[in-house]
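next input, structure requested:
(one chain, ligands or ions: 1)
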Amino acid sequence: MVLSARGVTKTYRKGAVAVPVLRGADIEVREGEMLAIVGQSGSGKSTLLHVLGTLDRPDAGEVVYQGERIDALSRKRRDAFRNTELGMIFQSYHLLPELSALENVLAPALIRYDMFDYFAKRRQLRERAAALLERVGLGHRLTHKPRELSGGEMQRTAIARALMNEPSLLLADEPTGNLDPTSGEGVLELLRGLNQTDGLTVVMVTHDRSIAALADRTVTLVEGRVADEEAGLRVQG
Ligand SMILES: Nc1ncnc2c1ncn2[C@@H]1O[C@H](COP(=O)(O)OP(=O)(O)OP(=O)(O)O)[C@@H](O)[C@H]1O
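Numbering: from 1, shown residues only. Next comes the predicted model:
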């Protein structure tokens, strides 16, 4: 087990109104698997993913990554954890609009290294970023800005960026939510390939059960709790 959450609760407050979103969610992520989190709109999928990725703090419960509690880390340690262990991709890509695809992919390295280290390694890092873009099928789009890319190409760029610092875990929030079926399939195949070929652990939130069926395992959230668990339809081996 690489990552787990136990008894996680989270309530958002809007003025006087409290909205309980997670109500004691338990989840275990196994090393090397592709896990899908499904559930109806509002069931707390994104919130759980954010808690797993330390983007959000639970009110109660614990989140453990490789034996270490990560739910109450200082901001600095949380940032370092996200920068080095974790890749994240989102439905709306979150690319920096003024940067080229190559510069977007390089961004996590700029955060990881101090200026001198980055400068010393810049050639290697640029080569790595270009190789990652090549890997996701965008070797011919290095200098394009996000607005010059299709949705599928933007998500592929975001995936390359997520891989820049060699994470062991990739969290994906509705990664195909804004894509047409063909581009969506391409992105899912890419994620599947990274999982199967590179052994990357992938946790993917989706409301679409046919997408979840591509995963090894599915957990269903119902009103902020994990309801059941099913093996995916994929034939093992
Ligand atoms: N930052 C926030 N402040 C207040 N309420 C929030 C916040 N984030 C989420 N919520 C509320 O929490 C509930 C669960 O949201 P969440 O995004 O986790 O659900 P979801 O299952 O991912 O839904 P969807 O499939 O529609 O994205 C929603 O009712 C949402 O309005």
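
now F90, what are its backbone angles?
Backbone dihedrals for F90, given as degrees, to the nearest 10, come out at phi -130, psi 160.

for it, which residues are in contact?
F90 makes contact with 158, 172-175, according to Cβ atoms under 8 Å, 6 or more residues apart in numbering. For every residue, glycine as well, the C-beta is placed using N, CA and C.

need the max-distance pair from these.
Greatest spatial distance among the contacts of F90 (Cβ to Cβ): A158 and E174, at 12.4 Å.

show me which of those two is the more surrounded one.
Neighbour count, other Cβ atoms under 10 Å: between A158 and E174, A158 has more, with 26 against 20.

picking that back up, now, which of the contacts of F90 lie within helices?
Of those, the ones assigned to helices by DSSP state H are A158.

low-confidence regions, the chain specifically.
In the predicted model, the chain carries pLDDT under 70 at residues 228-237.

in the chain, what residue spans correspond to strands?
Per DSSP state E, the chain carries strands over the ranges 3-14, 17-29, 34-39, 60-65, 68-69, 86-90, 169-173, 201-205, 217-222, 225-231.

mind putting those strands into CSV with distance to H140?
Listed next are the strands of the chain as CSV, based on distance: least, Cβ to Cβ, whole Å:
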stretch, distance to H140
strand 3-14, 36
strand 17-29, 35
strand 34-39, 28
strand 60-65, 37
strand 68-69, 41
strand 86-90, 21
strand 169-173, 24
strand 201-205, 26
strand 217-222, 36
strand 225-231, 39
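
same list, the ones you listed, but as TSV with distance to the ligand please.
What follows is these, written out as TSV (distance: least, Cβ to the nearest ligand atom, whole Å):
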stretch	distance to the ligand
strand 3-14	3
strand 17-29	4
strand 34-39	5
strand 60-65	15
strand 68-69	22
strand 86-90	11
strand 169-173	8
strand 201-205	6
strand 217-222	6
strand 225-231	12
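
out of the ones you listed, nearest to A131?
Smallest distance to A131 across these (Cβ to Cβ): 15.8 Å, for strand 86-90.

between that closest one and strand 3-14, how big is the angle?
Here strand 86-90 runs at an angle of 50 degrees relative to strand 3-14 (axes from the mean of the first three to the mean of the last three Cα atoms, to 10 degrees).

so how far is strand 86-90 from its chain's centroid?
Strand 86-90 sits 3 Å away from the centroid of its parent chain (Cα atoms, centre = their mean, to the nearest Å).

now swap in stretch 216-228 and tell me
Put simply, stretch 216-228 sits 18 Å off its chain's centre (Cα atoms, centre = their mean).

ok, now stretch 182-189?
16 Å.

what does that stretch contact?
Residues outside stretch 182-189 that contact it (Cβ under 8 Å, 6+ apart) are 137, 150-152, 155-156, 159, 175-176, 179, 211, 214.

stretch 205-223 too?
23, 25, 27, 30, 33-41, 43-46, 48-49, 172-177, 184, 188, 192, 202, 204, 226-234.

list the buried residues for it?
Buried positions in stretch 205-223, judged by neighbour count with 16 or more other Cβ atoms under 10 Å: 205-206, 211-212, 214-221.
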